[in-house]
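*Asks:* Provide a 3D model corresponding to the input given below.
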Amino acid sequence: MTTTITYDDKSVRQFMIASIFWGIVGMLVGVLIATQLSWWQMNGKFLEWISFGAIKAEGISFLTFGRLRPLHTNAVIFAFVGNMMFAGIYYSTQRLCKVRTASDLLSKIHFWGWQLIIVAAAVTLPAGFTRSKEYAELIWPINIAVVLIWVVFAVNFFWTLAKRNEKSLYVALWFYIATIVTVAMLYIVNHLSLPTSFTHSYPIFGGLQDGLVQWWYGHNAVAFFLTTPILGIMYYFLPKAANRPVYSYRLSIVHFWSLVFIYIWAGPHHLLNTDLPRWLQMLGMLFSLMLWAPSWGGMLNGLLTLRGAWDKLRTDPVIKFFAAGVTFYGMSTFEGPLLSIRAVNALSHYTDWTIGHVHSGALGWNGLMAAGMFYWLAPRLWKTELWSKALANMHFWIGMVGILLYVVALWCAGIMQGLMLNEVGPGGTTLKYEFLETLESIQIFYILRSLGGTLYLLGFILCAVNIFMTARSGTPHDESVEVTLLEKKQKDGMRWGEALFNDPLAHIFLALAFIILWFFLPPHADKAALVVSLLLCVKAYKSFQAGKDKWTDYHERLIENYLPFTVLVFVAVAIGGAVQIIPSLIINREKNIEGRLQELYTPLELAGRDIYVSEGCYNCHSQMIRTLVPEVMRYGRPGVVNDYSHLGESLFDHPYQWGSKRTGPDLAREGGPIAKDPAGTPYKFMRVGKRGNDWHFNHFINPRQISPGSNMPAYTWLLDKETDVKALPNKIRKQVALGVPWPALSKHEITDMAETQSQEIAKSLVDAKIFIPAKPELHGDALRNHLAKSQMVAVIAYLQKLGSYREIKKDAPFKSSLDPDTLRKASPPKQP
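*Replies:* Here you go, the predicted model:
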């Protein structure tokens with residue numbers, strides 16, 4: 001029985017237009033923050049120039065690098081690539097399933113819901129509402145919306161698979177399934193939080209746990225949001241554009257299953273050379289290196305699909321973009337495992353080399369594939385010819401020059417800075433370069449990076465013009481086709497027992513179980529587990545050789561049944577996450593810590609930490625001294641042996657603040673002990689570390705006065721905003737629920753503590769004769785009271801606490817450093 005169906009191409013058009021629009025917005029923000037690294041005035045001072053003095057500002061809070069960088073990453077990942085991905089999935093899934101999308105209503109909810117989420121992100125992130133976790137900065141109400149819209153998308157997709165009129169699932173659909181299932185798992189786990197208000201929450205994980213979960217998510221967000229769906233799009237659109245079949249179906253099977261299984265294990269390579277357990281570091285590095293094989297297998301499968309069609313490179317811009325995009329995929333997936341080697345990572349991590357690597361994937365792989373897909377789709381969606389192939393070719397060459405200039409500049413900047421930071425002086429006892437000297441040395445590369453980003457942005461503006469003119473020259477068109485209806489019994493007939501309990505899976509899971517035991521068993525027993533796993537692998541190979549047809553038939557049957565296939569995909573990705581995260585959840589508790597254990601924050605320090613997070617300071621400053629000699633020499637305390645960051649020092653940090661890029665120096669040892677007044681009497685709470693309170697104050701007011709050549713923006717607005725002391729009792733109550741061992745404190749005691757510490761710091765600033773340029777009329781008590789209420793004093797309190805810890809023995813009872821008796825006696829100093 002045949003029938004005529006009309007595909008829902010309206011949703012495809014909407015997602016494509018949204019992708020182009022948000023892509024330009026995200027890239028424009030990217031160019032702005034790139035210039036901020038060369039010219040501090042781009043943090044808001046430039047508005048004074050273009051307004052001819054009408055706007056007076058050293059900096060504007062919502063235009064600083066710290067607040068805009070998360071907006072840039074979220075706009076490019078979730079708005080640009082996200083909408084592009086949805087456009088490609090909606091278009092190809094309907095044609096691969098020979099059925100219209102299951103629900104037009106769900107498609108509309110998906111589209112408009114996703115755009116509202118993007119708008120919410122564009123408003124909240126510059127306003128300072130953030131969770132501070134990379135690619136996971138959105139506040140909890142928006143995260144709930146993301147999950148709900150993702151569920152809408154998943155229901156619509158799997159419902160469409162259930163209604164399909166094609167017996168087997170084509171390889172592109174496999175990658176879409178992996179994307180939907182894995183992103184849901186990653187997003188939900190990493191965004192588990194305990195709200196303290198409508199705009200603020202604390203993640204349920206802290207310290208090492210938070211770092212592991214974050215990079216399990218962060219690395220695999222790249223894998224399953226920026227890679228697997230685009231690979232699915234490659235497997236559909238590249239053969240269509242080249243008018244050639246996929247080079248190797250067998251290679252696509254190996255590519256899919258090995259990539260899906262291996263990728264999820266590689267997250268710990270973002271935490272190499274830290275105090276992270278060595279087995280986890282080795283695990284992340286090993287699986288990262290293994291990624292070379294499936295990644296390059298996929299790249300070669302894509303490029304070899306173009307065999308016999310290479311002549312089209314001269315005339316067809318779509319083939320140009322696809323070929324270059326797949327090549328960038330190969331380059332990025334070669335560089336990623338390279339950077340996961342511990343010795344290489346010691347040089348590259350925290351430098352711009354990593355930023356260049358990320359952009360070669362996001363702009364080189366995702367961006368060029370997106371452009372190729374848009375140029376292929378536009379004539380079909382509006383039933384016309386592409387308005388200008390010449391303009392598309394111009395876009396290709398401008399974009400190609402831009403991304404190459406960008407990536408090469410950051411390679412040079414990262415390698416050069418890494419080498420300079422690790423270089424020691426004559427005798428090997430001192431460092432040769434100060435941190436600021438390394439920044440000044442790479443400024444030329446930052447300027448070239450800004451130029452490259454501008455060229456790439458210009459290319460996408462040309463793309464927007466070309467697509468707009470193509471749409472104007474045609475009319476919206478929804479394709480109609482004649483299809484043969486498939487009866488229910490002709491598809492999805494595999495029984496669950498047949499799907500999950502069979503010879504291939506038995507060998508695979510048994511061997512995998514013993515490999516996992518190899519990681520955890522004690523000496524000698526671990527070697528026995530390894531031997532057993534190797535024997536099982538040999539047995540599996542012999543079983544395959546003896547019954548190739550049986551194993552092949554099983555997979556062919558499996559891809560005719562979308563539910564068992566989906567379950568196996570979920571199992572494949574869940575295993576790696578469980579092995580990495582569950583042990584840390586069990587072991588990483590204060591009772592198991594031996595050595596250094598973090599001192600609890602005071603209420604004011606906790607408030608300062610939340611402000612530090614809100615301002616996005618984590619984008620430029622790390623709080624992790626790695627186990628590398630030059631790093632300990634640079635950031636550790638003089639005379640302290642092995643003064644790298646120990647895991648216990650960040651145990652109570654929700655969220656953790658280890659960072660991933662240093663545009664400024666590490667702050668893990670910035671703080672110090674309780675200070676003493678001029679008479680030698682210790683303060684109740686005020687600490688002083690490497691630098692005095694007045695140094696930090698002046699650094700916030702005018703960074704270049706303290707550190708000539710600094711590109712840090714001035715944070716003058718911190719003086720005008722008051723610390724939200726009233727929110728502290730609820731925040732502390734939530735932290736207790738998360739396991740932070742705060743002593744029992746009343747609301748009055750918490751506010752008294754905060755007031756006492758803020759007055760101590762404010763008095764020290766007044767005694768140091770600090771000056772507020774915008775408020776010259778303030779002095780004496782008025783100045784002290786103004787400072788005590790300000791967010792700046794809270795942030796100073798937090799910075800002066802960093803690196804405070806105590807030595808503790810394993811299984812020793814934990815006693816809070818905040819002695820309850822002292823706290824109950826705390827009261828604000830009397831006004832003179």
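
*Asks:* Near the closest residue to Phe65 other than its chain neighbours, how many other residues are there?
*Replies:* Take Phe65 and drop its neighbours on the chain: the residue closest to it by C-beta to C-beta, 6 or more residues apart in numbering is Gln36, 4.7 Å away. Placement of C-beta: from N, CA and C, glycine included. With neighbours defined by other C-beta atoms under 10 Å, the count for Gln36 comes to 27.

*Asks:* And Gly780, by the same measure?
*Replies:* Around Gly780 there are 9 residues (other C-beta under 10 Å).

*Asks:* For the nearest residue to it once chain neighbours are set aside, identify the helix or strand it belongs to.
*Replies:* Among residues not flanking Gly780 along the chain, Val766 sits closest, at 7.2 Å (C-beta to C-beta, 6+ apart). Element membership for Val766, per DSSP states H and E: helix 747-767.

*Asks:* Show residues contacting that helix.
*Replies:* Applying C-beta atoms under 8 Å, 6 or more residues apart in numbering, the contact partners of helix 747-767 are 602-605, 607, 675, 683-686, 692-694, 697, 723, 725-726, 728-729, 732, 745, 780, 783-785, 787-789, 793-794, 796-797, 823-824, 826-829.

*Asks:* Please pick the buried ones from those.
*Replies:* 602-605, 607, 675, 683-686, 692-694, 697, 723, 725, 728-729, 732, 745, 783-785, 787-789, 793-794, 796-797, 823, 826, 828 (16 or more other C-beta atoms under 10 Å).

*Asks:* still on that earlier bit, among the contacts of helix 747-767, which are in strands?
*Replies:* If you go by DSSP state E, the contacts of helix 747-767 have Ala675, Tyr683, Lys684, Phe685, Met686 in strands.

*Asks:* what about the nearest residue to Asn730 once chain neighbours are set aside, distance to Trp140?
*Replies:* Among residues not flanking Asn730 along the chain, Thr196 sits closest, at 5.5 Å (C-beta to C-beta, 6+ apart). Per C-beta to C-beta, to the nearest Å, Thr196 is found 10 Å from Trp140.

*Asks:* Ile516: neighbour count?
*Replies:* For Ile516, using other C-beta under 10 Å, the count is 16.

*Asks:* That one belongs to a strand?
*Replies:* No: Ile516: not assigned to a strand; according to DSSP: H, G, I helix; E, B strand; the rest coil it is helix.

*Asks:* ok, the residue lying closest to Ile706 once chain neighbours are set aside to Phe46 distance?
*Replies:* Excluding the flanking residues, the one nearest Ile706 by C-beta to C-beta, 6+ apart is His699, at 4.6 Å. Counting by C-beta to C-beta, the separation of His699 from Phe46 is 22 Å.

*Asks:* Arg733 too?
*Replies:* With C-beta to C-beta as the criterion, Arg733 and Phe46 are 43 Å apart.

*Asks:* Which positions are bridged to the closest residue in space to Asp720 that isn't next to it in sequence in the beta structure?
*Replies:* Leaving aside its chain neighbours, Asp720 sits nearest to Ser790 (7.4 Å; criterion: C-beta to C-beta, 6+ apart). Taking DSSP bridges, one obtains Glu722 as the residues bridged to Ser790.

*Asks:* residues touching Ser790, list them.
*Replies:* Leu718, Leu719, Asp720, Lys721, Glu722, Thr723.

*Asks:* Next, count neighbours for Phe80.
*Replies:* There are 28 residues near Phe80, going by other C-beta under 10 Å.

*Asks:* Oh, that last question was meant for Ile60, not what I typed.
*Replies:* Ile60 has 17 nearby residues by other C-beta under 10 Å.

*Asks:* count of neighbours near the closest residue to Lys731 other than its chain neighbours?
*Replies:* In space, Lys731 comes closest to Thr196 once its chain neighbours are excluded; the distance is 4.9 Å by C-beta to C-beta, 6+ apart. Residues near Thr196, counting by other C-beta under 10 Å, number 19.

*Asks:* Equivalent analysis for Ser193, please.
*Replies:* Neighbours of Ser193 (other C-beta under 10 Å): 22.

*Asks:* my read: it touches Pro203, true?
*Replies:* Yes: counting by C-beta atoms under 8 Å, Ser193 touches Pro203, with 5.2 Å between them.

*Asks:* quick one: common contacting residues for the two?
*Replies:* Counting by C-beta under 8 Å, 6+ apart, the residues touching both Ser193 and Pro203 are Arg131.

*Asks:* got a list of what Leu148 touches?
*Replies:* Taking C-beta under 8 Å, 6+ apart, one finds Gly113 in contact with Leu148.

*Asks:* out of everything not next to it in sequence, what's closest to His696?
*Replies:* Closest to His696 by C-beta to C-beta, 6+ apart is Ile796, at 4.8 Å.

*Asks:* which residues sit in contact with the residue nearest to Lys731?
*Replies:* Tyr202, Ala727, Asn730, Lys731, Lys734.

*Asks:* By neighbours, which of those wins?
*Replies:* Tyr202 (23 neighbours).

*Asks:* Tell me the spacing between that one and Tyr612.
*Replies:* Taking C-beta to C-beta, one finds Tyr202 at 14 Å from Tyr612.

*Asks:* Could you do Asn43 as well?
*Replies:* In terms of C-beta to C-beta, Asn43 sits 17 Å off from Tyr612.

*Asks:* So between those two, which is more surrounded?
*Replies:* When Asn43 and Tyr612 are compared for neighbours, Asn43 comes out ahead with 28 against 23, by other C-beta under 10 Å.

*Asks:* wait, isn't the more buried one in contact with Gly66?
*Replies:* No: counting by C-beta under 8 Å, Asn43 stays clear of Gly66, with 9.2 Å between them.

*Asks:* how close does His696 get to Asp610?
*Replies:* With C-beta to C-beta as the criterion, His696 and Asp610 are 17 Å apart.

*Asks:* Low-confidence stretches in the protein?
*Replies:* 48-58, 586-594, 810-832 (pLDDT under 70).

*Asks:* Which stretches in it count as strands?
*Replies:* 2-6, 193-195, 201-203, 480-484, 595-598, 674-676, 682-687, 805-808.

*Asks:* Ala608 contacts Gln800, correct?
*Replies:* You called it Ala, but residue 608 is Gly. No: using C-beta under 8 Å as the test, Gly608 is too far from Gln800 to be in contact (9.1 Å).

*Asks:* which residues in the stretch 501-650 of the chain form helices?
*Replies:* Ranges of helices in the stretch 501-650 of the chain, per DSSP state H, counting those that start in this stretch, are 503-520, 525-546, 548-558, 562-587, 603-614, 629-635.

*Asks:* which of the residues in the second one are buried?
*Replies:* In this case it means helix 525-546. Quick answer for helix 525-546 (16+ other C-beta under 10 Å): Ala529, Leu530, Val532, Ser533, Leu536, Cys537, Ala540, Ser543.

*Asks:* No further questions, thank you.
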